[in-house]
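J.: I would like the atomic coordinates for the input below:
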Amino acid sequence: MRKKIIGLTTATLATLMAPMAEAATLVDTGTPTTLGSALAPGGTLAGKFTLGSASTITGVQGYIGGAGGHTITVSLFGPGTLPSYANTLQTTSFTSTGSTGSWQGVSGLNWSLAAGDYWIGFDSNGNDAMGGGSPNPLSSYAYGVGGTFYPYNVLGFGVQITGVTAAVPEPSTWLLMICGIGLVAAAQRRRPRARLGLT
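T.: Residues are numbered from 1 along each chain as shown. Prediction:
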């Protein structure tokens, strides 16, 4: 019976101590008011964002307009004053749809990141545009061309980043964990005494 209690308590503790995650919108600039930032072959528009805690990015959307049918590459760059092609962490792509301006992008990603600053970049193999004048612009913007990024004083193109962020256990969860540890300790402590015929 004691072994069953220990096994059940251990399994419960393992479940409770596993990292918990909750779905979240990690970045949302809001919908832009214009389509003024060119997204053309050979150039990358990038914006800087900050993650307050360890997170897994599952989707990236950009507010894009154009004829459609072009390959849009989305790149994640590591921290820095400006992004660097040498510091590319992840890339993915999707085909743009013809639009005067709409949210377009990718989902089903599994990009695990620590808390900190990152850059998200977009480029196209055709002639498209990204929206400007976002109500909640990113902290900084850059434009990459010829293998180098430069500061870009754009009004703010539209970006939405979704994912899951690590959650801190609730106080009630901590209480259950402490009680479980106490039960395991008590059961382990009683076992040697039982062998000796002590109570």
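J.: quick check: residue 122 vs residue 66, distance?
T.: 12 Å (Cβ to Cβ, to the nearest Å). Placement of C-beta: from N, CA and C, glycine included.
J.: what is in contact with these two at once?
T.: Shared contacts of residue 122 and residue 66, defined by Cβ atoms under 8 Å, 6 or more residues apart in numbering, comprise residue 39.
J.: all helices of this protein, in order?
T.: Under the criterion DSSP state H, helices of the chain are mapped to 2-17, 171-195.
J.: least reliable of those helices going by mean pLDDT?
T.: The stretch with the lowest average pLDDT out of the helices of the chain is helix 2-17, scoring a mean of 48.
J.: can you pull the contacts of residue 150?
T.: Residue 150 touches 82, 142-144, counting by Cβ under 8 Å, 6+ apart.
J.: please repeat the previous calculation with a cut-off of 7 Å.
T.: Neighbouring residues of residue 150 by Cβ atoms under 7 Å, 6 or more residues apart in numbering: 142-143.
J.: same question for residue 36.
T.: 129, 132.
J.: now it: how far from residue 121?
T.: For residue 36, the distance to residue 121 - Cβ to Cβ - is 18 Å.
J.: would you mind listing where the protein has pLDDT under the threshold?
T.: Within the chain, the ranges that satisfy pLDDT under 70 run 1-22, 167-199.
J.: run the chain-centre distance for stretch 70-77.
T.: Relative to the centre of its chain, stretch 70-77 is centred 16 Å away, using Cα atoms, centre = their mean, to the nearest Å.
J.: convert that stretch to CSV, retaining C-alpha atoms only.
T.: Written as CSV, here are the backbone C-alpha positions of stretch 70-77 (Å, rounded to 0.1, in the frame of the first residue of the first chain):
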residue,chain,number,x,y,z
HIS,A,70,5.0,35.8,-54.0
THR,A,71,7.1,33.9,-51.5
ILE,A,72,7.4,35.9,-48.2
THR,A,73,10.3,34.7,-46.0
VAL,A,74,9.9,35.3,-42.3
SER,A,75,13.2,35.3,-40.3
LEU,A,76,13.9,35.5,-36.6
PHE,A,77,17.1,37.2,-35.6
